[in-house]
Structure formats: structure tokens, C-alpha cells
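[1] No sequence on hand, only this structure:
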């Protein structure tokens, strides 16, 4: 966000000096973070990112044909536990009295815990199908698989 703001300020300054036509491509250019932010909640782009991460994990673990069913069941369980963004109405939430907002937060937290418990059960079932070598690799990579953005936020905000 700071980069975008900085680019805007620089672009506006250059425009003020009469170099508007030359400055526009520099202002309009987007880096990978701005591109990601622009598609962050696009369901199609989200699914594409999840599919690429899943494929990388599948390849890294070297899932065997005998394990493929467990892998697909695991992915299916994770996908079915994904939170639905449409359930949350920010405008309605902001207009609620404080006690109702707190109740809603508690309700959302309980829902999140249920999804985490379901994901844990699916992970344990899948994990049991892995060889010790695959389990070690899964242990190393699992923190970056599935909840990558949340883990990133936790590292930088605490």
C-alpha cells in the first residue's frame, strides 16, 4: 500500500511538472503484491492458487497411486471446510450494537474452531497414510500449506 501511495505521489508530482504522458506507465505498473491484492478474494484466482499449492505439495510428497485416494479425500475435506465469505456482511456488522458485535465475533470464532477441528481430523487421517519420510516432509511444509496467509499475518503482527 505504501508503494502504491508513493507511486501515486511521485506520479502526481511529475504530472504537475507537465510530464504526465511519460509518467503514466510508471504509475500504472503493478508489482506482484498489487496484482495479488487485486485478485485476493476472486474465487477463481483463489482456487487457482490453492490448486497450485496442492500440486506442489503432492509433487513434494511424491504421493503414490496407493495414496492418491487418501490425498484426494484430504483435499476434499479441506475444501469443504473453507469459510464462505458471503456469510459475513461488513455493513450490517458495523451497524450492530457492541454486545451483538461481540456475540457475532464469538459465533465466528466457534465456527472457525469447528473448521480447524475438522481439518485436524482430515490431516490425521491423511498423515497416517504417509511413510515416515513423507511425514517428515509434510511436517516441514504443512505450516505453509493451507493457512499460509494467516501464518504470515501472525508472524508479522505479534
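    Alright, I've got the coordinates. All figures in this text were calculated on a predicted structure; none of them were measured in a lab. Numbering: from 1, shown residues only.

[2] tell me which residues in the longest helix along the chain are buried?
    Under DSSP state H, the helix in the chain containing the largest number of residues is helix 98-127. Neighbour counts over helix 98-127 (16 or more other C-beta atoms under 10 Å) mark 119, 122-123, 126 as buried. Just so you know, the C-beta spots here come from the backbone N, C-alpha and C atoms, and that holds for glycine as well.

[3] any idea which element residue 65 lies in?
    Residue 65 belongs to no helix or strand when assigned by DSSP states H and E.

[4] Break this protein down into its structural domains.
    According to automatic domain parsing, the chain comprises the domains 1-39, 41-157.

[5] Need the phi and psi values for residue 129.
    phi -90, psi -10 (degrees, to the nearest 10).

[6] residues near it, how many?
    17 (other C-beta atoms under 10 Å).

[7] Go ahead and confirm it touches residue 67.
    Yes. Contact criterion C-beta atoms under 8 Å: residue 129 and residue 67 qualify, at 5.4 Å.

[8] can you give me the helices for this protein?
    2-16, 20-28, 32-39, 43-61, 68-80, 90-95, 98-127, 132-141, 148-157.

[9] so the longest one versus helix 68-80, what angle?
    Counting by axes from the mean of the first three to the mean of the last three C-alpha atoms, to 10 degrees, helix 98-127 points 180 degrees away from the direction of helix 68-80.

[10] packing partners for helix 98-127?
    helix 68-80 (3 or more C-beta pairs under 8 Å, 6 or more residues apart in numbering; DSSP states H and E).

[11] so what's residue 129 up against?
    Residues in contact with residue 129 (C-beta atoms under 8 Å, 6 or more residues apart in numbering) are 67, 70.

[12] Next one: residue 50 relative to residue 78, how far apart?
    Distance from residue 50 to residue 78, counting by C-beta to C-beta, to the nearest Å: 9 Å.

[13] Sorry, slip of the keys, the one I care about is residue 92.
    Per C-beta to C-beta, residue 92 is found 29 Å from residue 78.

[14] can you pull the pLDDT of residue 3?
    In this prediction, residue 3 carries a pLDDT score of 50.

[15] what does residue 106 give?
    95.
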